[in-house]
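> Here's my sequence, what's the structure:
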Amino acid sequence: MDSLTHIVLGACVGEIIAGKKLGRKAWLAGAILQTIPDIDFIAGFWLSPAEDLLAHRGFTHSFLFVILLSLFLAALSKRAGWSAGLSRKGWLFFSFIELLIHVLLDSMNVYGTGWLEPFSHIRISFNILFVADPFFTIPLLITFILLLVGNVPVKKRALLAKSALVLSGLYLVYVLILKWQVDAVVNNTLNRKVDENEYYISTPTPFNPWLWYVVSKEKKSFQLGYYSVFDQSDSIDFFTIPKKSHLFPLAASQEAIPHLIRFSQGFYTLQQAGDTIIFNDLRFGKIMGWANPSSPFVFYYYLNKSADNSVVIQRGRMKGWSANSAFYFIHRIFFGP
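You can find the predicted model right below:
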C-alpha cells in the first residue's frame, strides 16, 4: 500500500496499543514501525531494475523478518533508553503487531509479497485493494489529524483510533463481498466463452472498489476485461492478448527475463517496437484500459541494455489521466461503457 496509509494506520494502532503509556510518542513509534519494511527501497541503489522488483516486498516483508526485527527492537528498547513506560515484552508486542499489519496489508494488492522468504519465493497477492485506496485510508487519516491537532481527551483517543480501524476493516469486508460478486460473473463468463482457461485474477481499478480488471490465463494467450458491480450484464466482454513468448530470443537484455517472469507470476506478454522487445506485466492493467482496450500496459519493461527501467512501476500508473478521462472513468463505473 501507499506510504500515507501505512503511516496513519501505524499511528492509530500505536495509540491503541501504547497510547496510555507513551502518549503522543506512541503515534510516532507506530508510524515509524509501519514504514520499516519498505526500507527495501535501498536495494535499488545496487540491484538492476528487474532484480529490484523482486527485492521490494521480499525479505523485509516476510514473517521471518517480522519476528527477528521485533525481537531486536525489544532487546534494543532497554539499552537505547526509550523503553520508559513500556516493558520489553510491551515493545515486542508493539513492534510485532505493527510490522505484521504492514506485511499483511501489502499482500492485499497485485504486486505480490514474499511472506515466506527466504525459504520460498512464492509471492502472496490477494488482489483485494488497489495500491492506494482512499476509502480505506480516509477514516485513518481523519483520525490521525484529529489526534494530532484536535483537543481529544486522553481517555477518548484510543476509542477514536479503534473506531477508525473498525471503519477501515468494515470497508475491507465490503470489498471482499464485491470481489466475490465479480468472481461469480467471471467464472460464469469463462465457463461459457473460454475453452482453455488455466486460472485468472480479478483486481480493483484505481482508487475504487466497484470497477474491476480481470485477466484470464490460457496456454498461449490471455483474456482481458473490465467489469463494474453496477453493470447490467451478467457477463464480461473479454478481448484476447497473445503471449508471444517466441520474441524472447530477440531481446538484447536476456539477464532480466527470468526475474520478470517470476515477478509477473506468469501474467505477461511480449511485443516488438522496432528493434526493442517490451515485456508487459498484465496484472497492473492497461493505461485507461476501460476506455481504450488497445492502450499500452501500465507496466512495461524494455528488454534492451540502454533503456531506463528505473521507474517501471510508476511511469504508466497515472499516465493519461485528465479531467475528461476522470469523468469517463466515473461514468464507466456507475453507468457502463
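> avg pLDDT for the longest strand seen in the chain?
Across the chain, the strand with the greatest residue count (assigned by DSSP state E) is strand 276-286. Averaging pLDDT along strand 276-286 yields 93.
> could you say what helices and strands it packs with?
When contacts are defined as 3 or more Cβ pairs under 8 Å, 6 or more residues apart in numbering; DSSP states H and E, strand 276-286 packs onto strand 199-204, strand 211-217, strand 221-228, helix 257-264, strand 268-273, strand 297-302. C-beta coordinates here come from the backbone N, C-alpha and C atoms, glycine included.
> Now with 6 Å, please.
Under the contact definition 3 or more Cβ pairs under 6 Å, 6 or more residues apart in numbering; DSSP states H and E, strand 276-286 sits against strand 268-273, strand 297-302.
> ok, Pro153 - how many residues close by?
A count of neighbours around Pro153, defined by other Cβ atoms under 10 Å, yields 8.
> Helix, strand, or coil at the residue most central in space within the chain?
The centroid of the chain falls nearest to Asn109 when counting by Cα atoms, centre = their mean (3.4 Å). At Asn109 the chain is in coil, as set by DSSP: H, G, I helix; E, B strand; the rest coil.
> ok, it - contacts?
Leu129, Val131 (Cβ atoms under 6 Å, 6 or more residues apart in numbering).
> same thing but at 8 Å, please
Met1, Ser125, Phe126, Asn127, Ile128, Leu129, Phe130, Val131, Thr203 (Cβ atoms under 8 Å, 6 or more residues apart in numbering).
> so how far is Phe136 from it?
11 Å (Cβ to Cβ, to the nearest Å).
> overlap in contacts of these two?
Shared contacts of Asn109 and Phe136, counting by Cβ under 8 Å, 6+ apart, come down to Leu129.
> in the stretch 51-200 of the chain, which segments are predicted with low confidence?
79-84, 192-198 (pLDDT under 70).
> Please enumerate the helices of it.
In the stretch 51-200 of the chain, the helices defined using DSSP state H, counting those that start in this stretch lie at 63-80, 88-106, 134-149, 154-193.
> got the angle for the longest one vs helix 88-106?
Here helix 154-193 runs at an angle of 30 degrees relative to helix 88-106 (axes from the mean of the first three to the mean of the last three Cα atoms, to 10 degrees).
> ok, now the shortest one?
With the same axes, to 10 degrees applied, the angle from helix 134-149 to helix 88-106 works out at 150 degrees.
> in helix 134-149, what counts as buried?
Phe135, Phe136, Thr137, Ile138, Pro139, Leu140, Leu141, Thr143, Phe144, Leu146, Leu147 (16 or more other Cβ atoms under 10 Å).
> Now flag whichever of those is closest to Lys20.
Closest approach to Lys20 among these (Cβ to Cβ): Leu147, at 13.5 Å.
> circling back: hey, which of the helices of the stretch 51-200 of the chain is tucked in deepest?
helix 88-106 (a mean of 20; mean count of other Cβ atoms under 10 Å).
> among the contacts of Asn109, which ones are buried?
Among these, those scoring as buried are Met1, Ser125, Asn127, Ile128, Leu129, Phe130, Val131, Thr203 (criterion: 16+ other Cβ under 10 Å).
> Distance check, the second one against Ile67.
In other words, Ser125. 22 Å.
> Domain map for this protein?
Here the domain assignment for the chain is 3-126, 183-335, based on automatic domain parsing.
> For Ser168, find the nearest of the ones you listed.
Ranking the domains of the chain by proximity to Ser168 (Cβ to Cβ) places domain 3-126 first, at 7.7 Å.
> And that closest one, how far out from the chain middle?
Distance of domain 3-126 from the chain centroid (Cα atoms, centre = their mean, to the nearest Å) equals 15 Å.
> ok, and which of the domains of the chain has the densest surroundings?
Buried most deeply of the domains of the chain, by mean count of other Cβ under 10 Å, is domain 3-126, with a mean of 19.
> Between the two ends of it, how far is it?
With Cα to Cα, to the nearest Å applied, domain 3-126 spans 19 Å between its terminal residues.
> which residues touch the closest residue to Asp275 other than its chain neighbours?
Nearest residue to Asp275 in three dimensions, chain neighbours excluded: Asn304, at 7.6 Å (Cβ to Cβ, 6 or more residues apart in numbering). By Cβ under 8 Å, 6+ apart, Asn304 lies in contact with Ala251, Ala252, Ser253, Asp275, Thr276, Ile277.
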